[in-house]
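**Student:** Just a sequence and a predicted model for now, questions to come.
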Amino acid sequence: MPFLLRLAADPQAHGRTRALVTSVARQQHWGWGTRDEFLLTVRPGLCCSCDGYAMNWAIEASRHAVTADTDLLLGLLHDPDPEIRIWACYTLATALGSADRITAALRTRLAVERAPGVRASLVLAVAELARERTGSLAATWLDALWADPARPADVRVPAALAWLCPADGPVPDDLRATVDALVADDLAPVLGDVPWFRHVNDVNGLTDTLRQMLNGAEPATNFAPPF
């Protein structure tokens with residue numbers, strides 16, 4: 001992991017984005033965009049692969065490596081390549097420490113970020129970091145984001161979906177109406193390269209996530225849920 005992160009940080013290196021695809025730092029749950037799974041980094045306790053390997057050990061070690069290289073990854077939030085900035089967000093969301101510092105940096109970057117996919121990733125990274133922390137104020141921040149008509153759709157829709165993940169009960173009518181009004185044909189391709197949605201479906205990730213979160217549809221996957 002440290003070697004891959006340093007390749008990603010080297011402007012002269014080839015395949016920088018691939019070096020940031022740190023899937024080993026999170027539990028795999030392809031196709032699952034439910035409220036329980038969408039922002040889940042890893043389930044607590046034992047996590048086994050199909051061959052019986054205890055994956056939670058590798059995941060935890062990788063997340064510690066991400067945390068150790070927080071400074072390097074925070075620098076990538078300002079990389080000239082929007083795709084690098086997106087994947088830096090996705091990687092930082094798995095950190096086991098420095099959550100307050102990382103969250104502050106993500107929110108600061110959101111204030112000046114102009115690339116729609118990066119803005120969505122900044123919002124989702126803050127939400128994923130907050131999910132594992134008790135007493136986080138992220139829900140209040142997310143609520144303000146999706147309800148703010150001055151914000152672009154690429155911020156409001158991810159914020160609304162992120163707000164739903166830890167919330168209990170039915171989907172609020174005003175949130176559903178807001179998302180329905182904001183989701184247009186031009187939003188799906190904008191969010192299509194955001195890793196959280198690609199993790200659900202690499203072709204129609206936003207559509208599948210909305211179907212599962214807002215309508216309670218079953219994941220369209222042959223994979224069993226994580227165990």
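**Tutor:** That came through fine.

**Student:** What's the first helix or strand after the top helix by length along the chain?
**Tutor:** The residue-count maximum for a helix in the chain (DSSP state H) belongs to helix 116-131. On the C-terminal side of helix 116-131, the closest following helix or strand by DSSP states H and E is helix 138-147.

**Student:** Pull that next one out as PDB, backbone CA atoms only.
**Tutor:** Output of helix 138-147 as PDB, limited to C-alpha atoms (Å, rounded to 0.1, in the frame of the first residue of the first chain):
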ATOM      1  CA  ALA A 138     -22.000  15.100   9.700                       C
ATOM      2  CA  ALA A 139     -25.700  14.300   9.500                       C
ATOM      3  CA  THR A 140     -26.500  18.000  10.300                       C
ATOM      4  CA  TRP A 141     -24.000  19.100   7.600                       C
ATOM      5  CA  LEU A 142     -25.400  16.700   5.000                       C
ATOM      6  CA  ASP A 143     -29.000  17.700   5.800                       C
ATOM      7  CA  ALA A 144     -28.000  21.400   5.200                       C
ATOM      8  CA  LEU A 145     -26.300  20.400   1.900                       C
ATOM      9  CA  TRP A 146     -29.100  18.500   0.200                       C
ATOM     10  CA  ALA A 147     -31.700  21.100   1.300                       C
END
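
**Student:** and whichever helix or strand comes after that helix, what does it pack onto?
**Tutor:** Using DSSP H and E, the helix or strand that directly follows helix 138-147 along the chain is helix 153-164. If contacts are counted by 3 or more CB pairs under 8 Å, 6 or more residues apart in numbering; DSSP states H and E, helix 153-164 sits against helix 116-131, helix 138-147, helix 173-182, helix 187-192, helix 205-215. Any C-beta I mention is one placed from the backbone N, CA and C, and that applies to glycine too.
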